[in-house]
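Trainee: need coordinates for the following:
(one chain, ligands or ions: 2)
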Amino acid sequence: MASITIRDVKKSYAKLQIVHGVDLDIASGEFVVILGPSGCGKSTLLRMIAGLEEISGGEIAIDGTVVNKLEPRERGCAMVFQNYALYPHMSVAQNIGYSLKVAGVPAAERQLRVQAVARTLELEHLLDRKPMALSGGQRQRVAMGRAMIREPKVFLFDEPLSNLDAKLRVQMRSEIRKLHRRLNATSVFVTHDQVEAMTLADRLVVMNGGRVEQVGTPAQIYSRPASRFVATFVGAPAMNILEGTVDLDGLSLLGGSRRLAMARAGLPVGTKVAMGIRPEAVRLVAPGTAGALDATVDLVEELGAGRVIYVDLDGASFSVMTSEAVHPEPGSAVGLKISPEDMHFFSSDTGTRLEVFKASVPEPAL
Ligand SMILES: Nc1ncnc2c1ncn2[C@@H]1O[C@H](COP(=O)(O)OP(=O)(O)OP(=O)(O)O)[C@@H](O)[C@H]1O
Ligand SMILES: [Mg+2]
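Mentor: Ligands and ions are numbered 1, 2, ... in the order given. Predicted coordinates for the structure are as follows:
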């Protein structure tokens, strides 16, 4: 077990800066997931922790020791990649035991340790096979075994499940989680899949454009997103956003066709504010219901356990998720009921959350 401290870590390739000063404290034994869109710098950050990428600025410490100048093998980290990177000409046993062989561990001890790891990962019956003769999930477990056998202080995962089919992904996800509970090693897991991130993480780090947008438990990030980016990136379907402008005694939405009465909370008239509401927080009611917004149904997406209803709200597209047995026809009218406590507000200029503004919503005046 080991803690990881990341202080103002930067990365540039030639003149191009990719990571813009990341600060992060990962506790010993914690499972931290780094989530963000493609190209935001997740792998780069992970590779800098592993020592596979040089750090352009700042400091990374593992268990209190600055590792900036240490070789990858001196850092006590093991990395599991998306493409497994198994040696095709070696058997499963040889793949798992390879790092011990390189380190000069005697054959007898090597065999015992390979067997112990194979037992944990339920690979014992496959030890003589070559990677070619394994399924995707089995290869993934061999890659895990190769990382585990070194008894690392830190596991670093870079999208290890993205080559697996949907069912296997879910299965491996819970296996990784169970394994983490058993081994209790510090784990940093990179993904751009938000469901994977939410289900695996003790704590979630949301990155965007080489910066950390928010750090928190999955529940905190879902219920109080710190920025418009986090709000719309986490959660599916994405949070609805309605653009608004602060007026004398409230917020004018959708170009003035709807209003929210509320205190201005010190924001000058004319300030642009975005109001966010999660599709699952909207209730469908009969059109014309008092305090509800009337909209027209565009499309209904059946999900089995529920459905997503896409509606047109004065020209803006809006989605509603419901598990109720309602099947409105495209073109029909519906009412949308939104509670003030479910509204999120963000500055349209900076994208940051406006907390005071939300607290001042007096009633469902939409
Ligand atoms: N060796 C390199 N030289 C120049 N630019 C690079 C290099 N490696 C990565 N980059 C750039 O750095 C940025 C971050 O890359 P990185 O691989 O960390 O993204 P990522 O968040 O892991 O994305 P993905 O989800 O697609 O894997 C990208 O814009 C990428 O093009
Ligand atoms: Mg990557």
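
Trainee: rest of the way, CA atoms for contacts and neighbours
Mentor: Fine.

Trainee: the longest helix in this protein is where?
Mentor: In the chain, with assignment by DSSP state H, the single longest helix is helix 166-183.

Trainee: that helix: which residues count as buried?
Mentor: Neighbour-count burial for helix 166-183 flags 169, 172-173, 180 (criterion: 16 or more other Cα atoms under 10 Å).

Trainee: as CSV, could you dump the C-alpha coordinates of it?
Mentor: Coordinates of the C-alpha atoms in helix 166-183 are reproduced here as CSV (Å, rounded to 0.1, in the frame of the first residue of the first chain):
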residue,chain,number,x,y,z
ALA,A,166,-20.3,-5.2,-22.9
LYS,A,167,-21.2,-8.2,-20.8
LEU,A,168,-17.6,-9.1,-20.1
ARG,A,169,-16.8,-5.5,-19.2
VAL,A,170,-19.4,-5.5,-16.4
GLN,A,171,-18.1,-8.9,-15.2
MET,A,172,-14.4,-7.8,-15.2
ARG,A,173,-15.4,-4.5,-13.5
SER,A,174,-16.7,-6.3,-10.5
GLU,A,175,-13.8,-8.7,-10.5
ILE,A,176,-11.3,-5.8,-10.4
ARG,A,177,-13.3,-4.2,-7.6
LYS,A,178,-13.3,-7.5,-5.6
LEU,A,179,-9.6,-8.0,-6.3
HIS,A,180,-8.9,-4.4,-5.0
ARG,A,181,-10.8,-5.2,-1.8
ARG,A,182,-8.7,-8.3,-1.3
LEU,A,183,-5.3,-6.9,-2.1
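
Trainee: could you point out the helix or strand that follows that helix?
Mentor: strand 186-191 (DSSP states H and E).

Trainee: pull out the buried positions in that next one.
Mentor: Within strand 186-191, the residues that qualify as buried are 186-191, counting by 16+ other Cα under 10 Å.

Trainee: could you dump those to TSV with pLDDT and distance to ligand 1?
Mentor: Below are the buried residues of strand 186-191 laid out as TSV (pLDDT from 0 to 100; distance: Cα to the nearest ligand atom, whole Å):
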residue	pLDDT	distance to ligand 1
T186	96	20
S187	96	17
V188	97	13
F189	97	11
V190	97	8
T191	95	7
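
Trainee: backbone phi and psi for the closest residue to ligand 1 within the stretch 151-300 of the chain, please?
Mentor: Nearest residue of the stretch 151-300 of the chain to ligand 1 (Cα to the nearest ligand atom) works out as H192 at 5.7 Å. Backbone geometry at H192, expressed as degrees, to the nearest 10, gives phi -110, psi 10.

Trainee: contacts only, for it.
Mentor: 35-38, 159 (Cα atoms under 8 Å, 6 or more residues apart in numbering).

Trainee: for G39, see how far away it is.
Mentor: Using Cα to Cα, to the nearest Å, H192 is found at 10 Å from G39.

Trainee: repeat for A274
Mentor: A274 is 26 Å from G39, by Cα to Cα.

Trainee: now H327
Mentor: For H327, the distance to G39 (Cα to Cα) stands at 39 Å.
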